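Asks: Predicted model and sequence below, questions to follow.
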Amino acid sequence: MSQLRFTKMHGAGNDYVYVNLFEEHLPAPPEKLAPLVSDRHFGIGGDGLILITPSEVADARMRMFNADGSEAEMCGNGLRCVAKYVYDHGIAKKDQLALETGAGVLSVQLETDGDLAKRVTVNMGEPILDAAKIPTTFGESPVVNQRLEAGGREFEVTCVSMGNPHCVIFVDKADDELVLKLGPQIEKAAKFPARVNVEFIEIISPTEVRQRTWERGSGETLACGTGASAVCVAGVLTGKLERRILNHLLGGDLELHWNEADNHVYMTGPAEEVFSGIWPVPHGVPLYSQLA
Ligand SMILES: N[C@H](CCC[C@H](N)C(=O)O)C(=O)O
């Protein structure tokens, strides 16, 4: 019987199953495991699977798989938790880490309390505003206040990539009709060849917003760190927000700053370890040992 040792962590309620590949070996392809471990009734439960692996170019590498098994280039809440895990478990006992992601090697600053990391700031790098690189099929760049039709309604959308694609929509009320009905339609809209994460934003003030998120490959999550970063950029591009904002997400708050000096976005927020365990891999999963 194949087993998988895992750690459950969350960043502002965006929870993932983490596997430390410095010590473990995956018994099966991650894209097959992600839907199974993410199942909140028949599995461990989470928004997806995150692998923490050795890196040739950084203190560690993060690979992130959504609950549907699709691999994403970057995960903001996930990277804060990876940083905390790397520090707390002694993989690299430094309060400034370099972490390899699908969006490049990113630098991370930890606020520690003795042996444990409490809050984490990620330098998310520069936003990608070129339409074709987001990717979207909108003609002009940057993609600001473009019209998108979904569910028989028309929206003004602003699109940004933080290594992964985001479609930001400023609304009066981010209700279930928008998030749960239109979110999945926009996620798969033809304008987004790689699908897209969708952020519905209520503006409280030029420095404060409330966000609900329909995530590519995972559905509604309690928080989305790359999404919150994209919202900060979209807010500045549309003239609605200042460069430094507080974002209230369902699962907690994130602080964002799109720094004019270096054009980098900085995201600060919590990272929590919830529990560790051993998951017996169910019969029928195509194990590597059987694929050989
Ligand atoms: N669903 C996203 C990946 C997770 C992003 C989010 N959980 C975050 O904290 O950035 C995508 O397919 O691009």
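Replies: Yep, it's here.
Asks: What parts of this structure come near the ligand?
Replies: When proximity is defined as Cβ under 6 Å from any ligand atom, the chain approaches the ligand at 14, 64, 66, 72, 75-78, 164, 197, 215-218, 221, 224-227. Bear in mind the C-beta positions are built from the backbone N, C-alpha and C, glycine included.
Asks: Of those, which belong to helices?
Replies: 76-78, 225-227 (DSSP state H).
Asks: Just the buried ones from the residues of the chain next to the ligand, in PyMOL syntax?
Replies: Selecting the buried subset of the residues of the chain next to the ligand in PyMOL, with 16 or more other Cβ atoms under 10 Å as the burial test, is done by:
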select buried, resi 14+64+66+72+75+76+77+78+164+197+215+216+217+218+221+224+225+226+227
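Asks: Could you list the domains of the chain?
Replies: Taking automatic domain parsing as the domain assignment, the ranges for the chain are 3-122+272-280, 131-263.
Asks: Just the mean pLDDT for the shortest one, thanks.
Replies: By that I understand domain 3-122+272-280. Domain 3-122+272-280 shows a mean pLDDT of 97.
Asks: Ends of that domain, what's the gap?
Replies: The first residue of domain 3-122+272-280 is 4 Å away from its last residue (Cα to Cα, to the nearest Å).
Asks: The last one too?
Replies: With Cα to Cα applied, domain 131-263 spans 18 Å between its terminal residues.
Asks: cool, and stretch 99-116?
Replies: First-to-last residue span, stretch 99-116, Cα to Cα: 18 Å.
Asks: thinking again about what came up before, could I get the domains of the chain as JSON lines with distance to Leu291?
Replies: Formatted as JSON lines, the domains of the chain follow (distance: least, Cβ to Cβ, whole Å):
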{"stretch": "domain 3-122+272-280", "distance to Leu291": "8"}
{"stretch": "domain 131-263", "distance to Leu291": "24"}
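Asks: Strands of the stretch 151-292 of the chain, start to end?
Replies: Here the stretch 151-292 of the chain has its strands, by DSSP state E, counting those that start in this stretch, at 153-161, 165-170, 197-205, 208-215, 219-221, 244-249, 252-258, 265-270, 272-280.
Asks: For the stretch 151-292 of the chain, give me the ranges with low pLDDT.
Replies: 292 (pLDDT under 70).
Asks: wait, Leu287 sits on His25?
Replies: No. If you go by Cβ atoms under 8 Å, Leu287 and His25 don't touch, sitting 10.9 Å apart.
Asks: Just want to know which of the two has more residues nearby.
Replies: Leu287 (15 against 9; other Cβ atoms under 10 Å).
Asks: Just name the most buried of the strands of the stretch 151-292 of the chain.
Replies: Ranked by mean neighbour count, the strands of the stretch 151-292 of the chain are led by strand 165-170 with a mean of 26 (mean count of other Cβ atoms under 10 Å).
Asks: in its sheet, what does that one sit against?
Replies: strand 153-161 (antiparallel), strand 197-205 (parallel) (DSSP bridges).
Asks: quick check, distance from the first one to the centre of its chain.
Replies: Taking the mean C-alpha point of strand 153-161 and that of its whole chain, the gap between them comes to 19 Å (Cα atoms, centre = their mean, to the nearest Å).
Asks: Distance-wise, check Glu273 relative to Arg63.
Replies: 19 Å (Cβ to Cβ, to the nearest Å).
Asks: An error on my part: the question was meant for Met1.
Replies: Remark: distance between Met1 and Arg63 (Cβ to Cβ) = 25 Å.
Asks: Tell me which two of the ones in helices among the residues of the chain next to the ligand sit farthest apart.
Replies: For those, the maximum inter-member distance is 12.3 Å, found between Gly78 and Gly227 (Cβ to Cβ).
Asks: And the helices in the stretch 1-150 of the chain, which stretches?
Replies: 30-38, 76-88 (DSSP state H, counting those that start in this stretch).
Asks: how much does the longest one deviate in direction from strand 272-280?
Replies: Angle, helix 76-88 to strand 272-280, by axes from the mean of the first three to the mean of the last three Cα atoms, to 10 degrees: 90 degrees.
Asks: Put the alpha carbons of helix 76-88 into CSV.
Replies: Provided in CSV are the C-alpha atoms of helix 76-88 (Å, rounded to 0.1, in the frame of the first residue of the first chain):
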residue,chain,number,x,y,z
GLY,A,76,0.9,33.7,-4.0
ASN,A,77,-0.7,32.2,-0.8
GLY,A,78,1.1,28.9,-1.6
LEU,A,79,4.5,30.6,-1.8
ARG,A,80,4.1,32.2,1.6
CYS,A,81,3.3,28.8,3.0
VAL,A,82,6.3,27.2,1.2
ALA,A,83,8.5,29.9,2.7
LYS,A,84,7.2,29.2,6.2
TYR,A,85,7.6,25.4,5.7
VAL,A,86,11.2,25.8,4.4
TYR,A,87,12.1,28.0,7.4
ASP,A,88,10.2,26.2,10.2
